[in-house]
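[1] Quick one: sequence and predicted model below, then my questions.
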Amino acid sequence: MSLTVSNERFRRRFTTFNEIGATNRDGVNRPSLSSANQEARETLVEWFEEANLDVTVDEMGNLFARRAGANDALNPVLIGSHIDSQYNGGRYDGVIGVLGALEVIETLNADGIQTERPIEVVAWSNEEGVRFQPDMLGSGVFAGEFDLEYAYTREDKEGKTFGEELERIGYKGDEPCEPRDLHCYFELHVEQGPQLSESGLSVGVVGGVYGFVWMNAAFTGSADHAGPTPMHLRHDALVATSDVIESVRRITSTGGDDLVGTVGSIDVHPNSINVIPERVDFTLDFRSYDNDIVDHATEQIQREIEHAANRENVEMEYEEIMRVDAEPFDDECIETVERAADAVGTKYMRIVSGAGHDANYLNEICPTSMIFVPSVDGISHTEDEYTEWADVVRGADVLLHAVLEKAKTDGDEQ
Ligand code: HGY
Ligand code: MN
Ligand code: MN
């Protein structure tokens, strides 16, 4: 029987951790840098220290916990994910990747296994991008995609900045947040889509992540009385917005088989039943594994915004807040995950991720791959997100064996 993680210890930690910020519908509410996120960080640091890991906090609040290797000068194997959540999100998204990585360490400790290479567990800041856009901000600064000042000035809807909130919760660390030598990066995560659930398989070996673009857009018309104002005199920001929302479906229906588009957030001002909407702010999210398809959809939606503004004679604004390219993960790391799945004795399928992950950015600075476990009915980013516990444990076992393969060295590798 190959080495396996402790089901009991892992489940106990998962249950305890998800009591933090728990909602009354079995979800969690631990948005980035919230007090619940602070409590989650404190719990994680406590568990890292109990596992005799050397904990560091970097300038973006990314948490690193290091286990020395026999040859500690070698580049580390990095494993982890994120612990910030959606507003009223699921208990598995991100969490199983961080607690699964910690469970790998606990298993090595319990079995007295000394790896050649050091191993580091990471919990990235601000992966979800719901409170502070863009998403994957902590790993993005670490990989050199965004500079620190840009990240610190990102504001939430109440005008609070990322830097202030990081300071407030006490996780604005001194460790530089910048690229450094890593041997490789693995991330265990729930699939958040229907493929594994439909296939009946427990493990997805992730070959890459969709490229995607996020945009903020706004229309400004004229507020006026909903009663006496004749229709031909109106400049209704919400009518222009509804034209654009309708065009998202038109673009995705013709833009490419895997193209998806979403308007997820919309704010209407003054949002009053008998006032013609003066201003509407809304977001756009387009994704595909083909970068040209994402670029084409971006051009099309910009045209739709311009046409809608002209038709309704309102002012328009839009800005691209992030664009990450689809890039295949490292073949060697992918094959390591496949061998690890074989070692665990579980069937798997190759899969591409429609959801963004910190691995998108790690893939730019070191060999990277991911391990997926099924989301029941593909549901995620809601309190109904669910994964069978046996699948979570199997995913952690695959992570354990991928780490064991990569953390030993043959000869003079660095
Ligand atoms: O948007 C995403 O795919 C991720 O949850 N940040
Ligand atoms: Mn996630
Ligand atoms: Mn997510």
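    Perfect, I can see it now. Ligands and ions are numbered 1, 2, ... in the order given.
[2] In the stretch 1-150 of the chain, mark out all the strands, start to finish.
    Residue ranges of the strands in the stretch 1-150 of the chain, as given by DSSP state E, counting those that start in this stretch, are 54-57, 63-67, 77-82, 119-124.
[3] Looking at those, spot the one closest to residue 286.
    Closest approach to residue 286 among the strands of the stretch 1-150 of the chain is made by strand 77-82 (22.4 Å; Cβ to Cβ). No exception for glycine: its C-beta is placed from N, CA and C like everyone else's.
[4] Touching the closest one from outside, list them.
    Under the contact criterion Cβ atoms under 8 Å, 6 or more residues apart in numbering, strand 77-82 has outside partners 94-98, 101, 104, 115, 117-128, 138, 182-189, 357-358, 362, 366, 399, 403, 406-407.
[5] Point me to the residue of the stretch 201-350 of the chain nearest ligand 2.
    residue 209 (11.0 Å; Cβ to the ion).
[6] now swap in the stretch 251-400 of the chain and tell me
    Counting by Cβ to the ion, the stretch 251-400 of the chain gets nearest ligand 2 through residue 357, at 5.9 Å.
[7] do the stretch 151-300 of the chain as well
    Counting by Cβ to the ion, the stretch 151-300 of the chain gets nearest to ligand 2 through residue 189 (5.9 Å).
[8] Contacts only, for that residue.
    Taking Cβ under 8 Å, 6+ apart as the test, what residue 189 contacts is 81, 93-94, 96-97, 353, 355, 357, 370-373.
[9] Show the overlap between these and what lies near ligand 1.
    residue 355 (Cβ under 6 Å from any ligand atom).
[10] Number of residues surrounding residue 75?
    17 (other Cβ atoms under 10 Å).
[11] nope, residue 208 is what I meant
    Neighbours of residue 208 using other Cβ under 10 Å come to 22.
[12] does it have beta-bridge partners, and which?
    With DSSP bridges as the criterion, residue 208 is bridged to residue 328, residue 352.
[13] now swap in the one 10 residues further on and tell me
    The bridge-partner assignment for residue 218, based on DSSP bridges, gives residue 281, residue 317.
[14] Surely it is in contact with residue 284?
    No. Residue 218 lies out of contact with residue 284 (Cβ atoms under 8 Å); the separation is 11.4 Å.
[15] shared neighbours of the two, which are they?
    residue 318.
[16] neighbour count winner among those two?
    residue 284 (26 against 20).
[17] Quick check: the gap between residue 377 and ligand 1.
    18 Å (Cβ to the nearest ligand atom, to the nearest Å).
[18] pretty sure that residue is in a helix, no?
    Yes. Using DSSP: H, G, I helix; E, B strand; the rest coil, the assignment for residue 377 is a helix.
[19] residues touching the nearest residue to residue 278 once chain neighbours are set aside, list them.
    Nearest non-adjacent residue to residue 278, counting by Cβ to Cβ, 6 or more residues apart in numbering: residue 223, 3.6 Å away. Going by Cβ under 8 Å, 6+ apart, residue 223 touches 270, 275-278.
[20] Can you flag the buried ones in those?
    276-278 (16 or more other Cβ atoms under 10 Å).
[21] now the helices for the protein?
    Using DSSP state H, the helices of the chain run over 7-17, 35-50, 95-110, 137-142, 148-152, 162-168, 195-199, 237-254, 291-312, 331-344, 358-362, 389-407.
[22] got a markdown table for these, with mean pLDDT and mean neighbour count too?
    Listed next are the helices of the chain as a markdown table, based on pLDDT from 0 to 100; neighbours: other Cβ atoms under 10 Å:
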| stretch | mean pLDDT | mean neighbour count |
| --- | --- | --- |
| helix 7-17 | 98 | 15 |
| helix 35-50 | 98 | 18 |
| helix 95-110 | 98 | 25 |
| helix 137-142 | 98 | 29 |
| helix 148-152 | 98 | 16 |
| helix 162-168 | 98 | 19 |
| helix 195-199 | 96 | 17 |
| helix 237-254 | 98 | 18 |
| helix 291-312 | 98 | 17 |
| helix 331-344 | 98 | 19 |
| helix 358-362 | 97 | 28 |
| helix 389-407 | 98 | 23 |
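[23] Quick one: these as JSON lines, columns for distance to residue 174 too.
    Putting these into JSON lines (distance: least, Cβ to Cβ, whole Å) gives the following:
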{"stretch": "helix 7-17", "distance to residue 174": "26"}
{"stretch": "helix 35-50", "distance to residue 174": "15"}
{"stretch": "helix 95-110", "distance to residue 174": "22"}
{"stretch": "helix 137-142", "distance to residue 174": "15"}
{"stretch": "helix 148-152", "distance to residue 174": "12"}
{"stretch": "helix 162-168", "distance to residue 174": "12"}
{"stretch": "helix 195-199", "distance to residue 174": "41"}
{"stretch": "helix 237-254", "distance to residue 174": "44"}
{"stretch": "helix 291-312", "distance to residue 174": "37"}
{"stretch": "helix 331-344", "distance to residue 174": "31"}
{"stretch": "helix 358-362", "distance to residue 174": "21"}
{"stretch": "helix 389-407", "distance to residue 174": "27"}
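[24] Residue 71 is nearest to which of those?
    Nearest to residue 71, of all the helices of the chain, is helix 389-407, at 10.3 Å by Cβ to Cβ.
[25] which bits of this protein sit near ligand 1?
    Along the chain, the residues adjacent to ligand 1 under the rule Cβ under 6 Å from any ligand atom are 127-129, 135, 355-356.
[26] how's the chain carved up into domains?
    Per the record, the chain has its domains at 7-208+328-408, 211-324, by automatic domain parsing.
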